[in-house]
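Student: Pasted the sequence and its predicted model underneath.
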Amino acid sequence: MKILKKVGVVLLIILVIAQFFGPEKNDGNIDTVNAFIAETNPPANVLEIMKTSCFDCHSAKTNYPWYNSITPVNYWLDSHIKDGKKHLDFSKWNEYSLKRKEHKMDELYEEVEKGEMPLNSYTWTHSEANLTQEQIDAIVTWGKKVQAEYKQKMTAK
């Protein structure tokens, strides 16, 4: 029993010390998504959905929940954000080629349509990010329209 108590104390000390360290925050400027918004012109309802369900993990600015101050949760959240930005970063939309933009729009509405985005692990703590069928349909309709516009531009080149 003494050994378990010592191990417990050591683990507690490590956990307390770990609270003083954490990953760098994704706290850039949310205005970096303005180029994406201007170019794709989402309707107001779609833009609101994207603000509550997409931009936290797919842009340069994350609105962190209170529990992000707890290690190791902050590392888990950081890995989700990095992975999300690796796949699609609205803040870097201007850096994407026309072909890549077309492909990203295809992925965007397909992931939403299949229910794979937003992630369940995100909606567990952000219930406002859960999408209704009406919201899914709005994103899919808008996404297909924007994708078609990109295809048309690529054909015109």
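Tutor: Nice, I can see it. Numbering: from 1, shown residues only.

Student: Please make it C-alpha for all contacts and neighbour counts, starting now.
Tutor: Fine.

Student: excluding its backbone neighbours, what's nearest the most centrally placed residue in the chain?
Tutor: When C-alpha atoms, centre = their mean is applied to the chain, the residue found nearest the centroid is Cys57 (2.1 Å). Leaving aside its sequence neighbours, Cys57 sits nearest to Ile81 (C-alpha to C-alpha, 6 or more residues apart in numbering; 4.5 Å).

Student: ok, the one you found - contacts?
Tutor: Taking C-alpha atoms under 8 Å, 6 or more residues apart in numbering as the criterion, Ile81 is in contact with 26, 56-58.

Student: just for the protein, where's the confidence low?
Tutor: For the chain, applying pLDDT under 70 flags the ranges 1, 16, 18, 157.

Student: if you go through it in chain order, where are the helices?
Tutor: 2-18, 34-40, 44-53, 73-87, 98-113, 120-123, 133-156 (DSSP state H).

Student: Distance from the fourth one to the middle of the chain?
Tutor: Taking C-alpha atoms, centre = their mean, to the nearest Å, one finds the center of helix 73-87 at 8 Å from the center of the full chain.

Student: relative to helix 98-113, how tilted is it?
Tutor: Between the axes of helix 73-87 and helix 98-113, defined by axes from the mean of the first three to the mean of the last three C-alpha atoms, to 10 degrees, the angle is 130 degrees.

Student: For Met154, see how far away the closest residue to Gln147 other than its chain neighbours is.
Tutor: Of all residues not flanking Gln147 in the chain, Glu102 sits nearest, at 5.1 Å (C-alpha to C-alpha, 6+ apart). For Glu102, the distance to Met154 (C-alpha to C-alpha, to the nearest Å) stands at 9 Å.

Student: neighbour-wise, which of those two wins?
Tutor: Glu102 (23 against 12; other C-alpha atoms under 10 Å).

Student: how many other residues sit next to the residue nearest to Asn29 when sequence neighbours are not counted?
Tutor: Spatial nearest neighbour of Asn29, chain neighbours left out: Lys61 (5.8 Å); criterion: C-alpha to C-alpha, 6+ apart. The number of residues packed near Lys61 is 20, by other C-alpha under 10 Å.

Student: Pull the contacting residues for Lys61.
Tutor: 26-30, 55.

Student: and what of Lys82?
Tutor: Lys82 sits next to Cys57 when contact means C-alpha under 8 Å, 6+ apart.

Student: try 7 Å
Tutor: Not one residue lies near Lys82 by C-alpha atoms under 7 Å, 6 or more residues apart in numbering.
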